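Engineer: Sharing a sequence plus its predicted fold:
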Amino acid sequence: MVEEPPMTEREKILGRIREALTVDAPHPGTHGGHEPAFHFKGRPVQVAQPWLPPDGSTLEEQVARFRTASTELKTDFHFVESAEAAAAVLARIRDAGHWRRVATHNGELTTTATAALGLPVLTVDGGYDVNALEACDAGITECDALVAQTGSVVVNSRNAGGRALSVLPPHHVVLARREQMVGDLTAAFALIKQRYGADYPSMISFITGPSRTGDIERILVLGAHGPKQLTVICH
Amino acid sequence: MTAPVQDFLVQARIVARDLRHRGLIQRALGKYEVARDRKQAAFGSWQSARQAAAETKWDAINHLDQYLDQFAQRLEARGTKVHWASNGAQAREIILGIIKSKGAKSIIKSKAMTAEEIHLNDAMEQAGYEVVESDLGEFIVQLRHEPPYHIVFPAMHLTRDEISDLFQRKLGSAPTNEPEELTMIARRALREKYLTADIGITGANFAIAETGMISITENEGNARLTAALPKTMITLLGIEKVLPELADLALFLPMLATAGAGQTMTGYNTMYGGPRQPGECDGPKEFHVVLLDNRRTELLADPEQRDALHCIRCGACLNVCPIFRNVGGHTYGTTYSGPVGSVITPHLRGLQDWKHLSASSSLCGACTEACPVKIDLHHHLLHNRRNAATGKPSVLERLAYHAFAFVANRPALWLFGKEVARLFQPLHVFVKGSYLDPARPWTATRDTPEMAPESFKEWWRNRR
Ligand code: SF4
């Protein structure tokens, strides 16, 4: 910092901000002398949970919520009893989609599941050719969590094969275990913090449904740029 | 009169009478309202959640110096280069500098309203670079050399046939009236670009101070690809995007999705905390974050309207605004249109040229009601009107009021005037709306109410 010129743009901007903040602004909801309905003790997000969309306390409830929220957004969700049943679902999807090659990353669930498909597999760990990945029919990943409240899948660049695997191929398949189901976003962020707080992956993504757009007359079209299909298989 | 106000009036007159436009907007926004109401109802308490969101942003904005500093330090600690730009020119220079130093040729961009604000695309194109917008709506308006119509739905003003014609002309595709087919045409055209682009430029919806991350909300996956494939990633964002903690997103992500598009959750909500880290298999080698002031600190200095910086650009206030729905997004002539644009543009671009925007409101308060972070939008518009009304009224205006006061204070004269008016009203139809009509500005687009056969006073008297 010593070799920097006396007044950097950073200092100028921060200086202007400090100057501006010498005058206090009223709290939200105090317009025209009214007091706000209530004051928060601590951080608002800590008390906001009951005001948000519902989560679900038991696994059954959570699975039901996840199913409702995710299928509304066209996720293909399978909740099955065992690893074998999950493998059978994956095989069915392979046949229905006429897959010729798939891409994945090394992982507890992905490695065995993709090996069982009997197809050429591109494993992205340690680097890959983008054109080869683009040519794959599906990207198969694991995840950090499934969020019941919103029907979202949480992936990150360290344990789900980097940044592109979950968006470049036309079909994204997520393999998950039932322990990975969490109630809501608050729980998901708590989990992320606990797991990676000391050293976050460079990307964390909440994926809710396949890629979609409504940019033409607000009509829903799937597969705008990312995957046209998103399948979640949880056992 | 200044140029922006003239443009506004001319455009507004044209668009408000365009039935095609009206139909398109009413249909799209009608659908939006139904979906949004349904999603709001799924909240435990949407109103309390709004208060929580508003307080969170209040905390962020009123400690902006600390949070911004923390945000920048955390990013830098993990290998991101953070740049600070006081104005648009500096931001453009920084970004062009990065592009030049990389010897880049082609650039892929995902949606960023801040880039529109500083006319980044023009600057890059003038410097000889190929820039492609990857968001479908932005891609369409870019092909038309138009600014986005709406901050969330950029191509909302176009029909599928117009888009098909555009693609035929610009991309040589076959005509179709299927939105699905049109989307696939764009997908194919853009895939190519992702794979070859040297630089990816994005905006950001939130900046997380606690962890030093930016968060991008999108449905298409185009920002995900923009941040994954090119070797260099640049993110441009306004300094007001800050949120204190990562966990705050648990509140803001569903609220943004609900208020913005009537969704539970937007398709991709992605947080980026740096370039590719050790042990990761892809991602950009370099990550640059450009923080833009561009007179936001001036808005910050006004404690009364500081909360306008709480805006998360969800677009809800535009969607419900009767003025926006009638005059359309382009009429404003600003980067940010609708109620929030009318509030902040006079601050960001000068009160004198843009004060007319404060009058582009019916003061119905629908915007304030819709805003997920409870910005007092219509009060601010009123406040701006007051600030703009510094000069004395014109001679004509004063004369008119004097004349009115004179007549109103003399009952006999008033009565006489009323009888005359009643006598002559049947003749009004012959001049209504024409240049002979003294009330033309009002009657040109409105029906004249029929005068009642008897006044209230007469009715009261006869009733006894
Ligand atoms: S002012 Fe409020 S409603 Fe309007 S875009 Fe900003 S956050 Fe949304």
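Structural biologist: Received, thanks.

Engineer: Tell me if I'm right that residue B:183 and residue B:137 touch.
Structural biologist: No. Judged on CB atoms under 8 Å, residue B:183 makes no contact with residue B:137 at a distance of 10.8 Å. Bear in mind the C-beta positions are built from the backbone N, C-alpha and C, glycine included.

Engineer: which residues are common contacts for these two?
Structural biologist: Counting by CB atoms under 8 Å, 6 or more residues apart in numbering or on different chains, the contacts common to residue B:183 and residue B:137 are A:213, A:215.

Engineer: Next one: the closest residue to residue A:172 other than its chain neighbours, what pLDDT does it get?
Structural biologist: Excluding the flanking residues, the one nearest residue A:172 by CB to CB, 6 or more residues apart in numbering or on different chains is residue A:227, at 4.2 Å. Residue A:227 carries a pLDDT value of 96.

Engineer: which residues does residue 214 contact?
Structural biologist: No chain was given, so I picked chain A. Going by CB under 8 Å, 6+ apart, residue A:214 touches A:220-221, B:153, B:219, B:261.

Engineer: please go with chain B instead
Structural biologist: Residue B:214 sits next to B:204, B:206-208, B:235, B:237, B:241, B:271-272, B:289 when contact means CB under 8 Å, 6+ apart.

Engineer: now it, nearest residue through space, not along the chain?
Structural biologist: Spatial nearest neighbour of residue B:214, excluding adjacent residues (CB to CB, 6+ apart): residue B:204 at 4.0 Å.

Engineer: wouldn't the one you found be in contact with residue B:241 here?
Structural biologist: Yes. At 5.9 Å, residue B:204 counts as touching residue B:241 under the criterion of CB under 8 Å.

Engineer: Now render the contacts of residue A:214 as TSV, adding neighbour count.
Structural biologist: What follows is the contacts of residue A:214, written out as TSV (neighbours: other CB atoms under 10 Å in any protein chain shown):
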residue	neighbour count
A:220	13
A:221	22
B:153	23
B:219	27
B:261	22
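
Engineer: pretty sure residue A:140 is in contact with residue A:102, am I right?
Structural biologist: Yes. Using CB under 8 Å, residue A:140 is in contact with residue A:102, at 5.8 Å.

Engineer: ok, the two, which is more surrounded?
Structural biologist: Comparing residue A:140 with residue A:102 by other CB atoms under 10 Å in any protein chain shown, the one with more neighbours is residue A:140, at 30 against 25.

Engineer: Just say helix, strand or coil for that one.
Structural biologist: At residue A:140, secondary structure determined by DSSP: H, G, I helix; E, B strand; the rest coil is strand.

Engineer: And it, how close does it get to chain B?
Structural biologist: 15 Å (CB to the nearest CB, to the nearest Å).

Engineer: For that residue, which residues are in contact?
Structural biologist: A:90, A:102-104, A:110, A:113-114, A:173-175.

Engineer: Closest one of the contacts of residue B:214 to residue A:167?
Structural biologist: Checking those against residue A:167 with CB to CB, the nearest one is residue B:272 at 13.7 Å.

Engineer: which residues does the closest one bridge with?
Structural biologist: Counting by DSSP bridges, residue B:272 forms beta bridges with residue A:203, residue B:214.

Engineer: Got the confidence number for it?
Structural biologist: With respect to pLDDT, residue B:272 has a value of 97.

Engineer: Please apply the same query to the one 3 residues further on.
Structural biologist: With respect to pLDDT, residue B:275 has a value of 97.

Engineer: try the one 3 residues further on
Structural biologist: The confidence metric pLDDT takes the value 93 at residue B:278.

Engineer: cool, and residue B:355?
Structural biologist: At residue B:355, the predicted lDDT confidence score is 87.

Engineer: what does the one 10 residues further on give?
Structural biologist: In the prediction, the pLDDT value recorded for residue B:365 is 93.

Engineer: before we move on, the earlier item: now the contacts of residue A:140 in a markdown table, please, with extra columns for pLDDT.
Structural biologist: Shown next, in a markdown table, are the contacts of residue A:140 (pLDDT from 0 to 100):
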| residue | pLDDT |
| --- | --- |
| A:90 | 96 |
| A:102 | 97 |
| A:103 | 97 |
| A:104 | 97 |
| A:110 | 95 |
| A:113 | 95 |
| A:114 | 95 |
| A:173 | 97 |
| A:174 | 97 |
| A:175 | 97 |
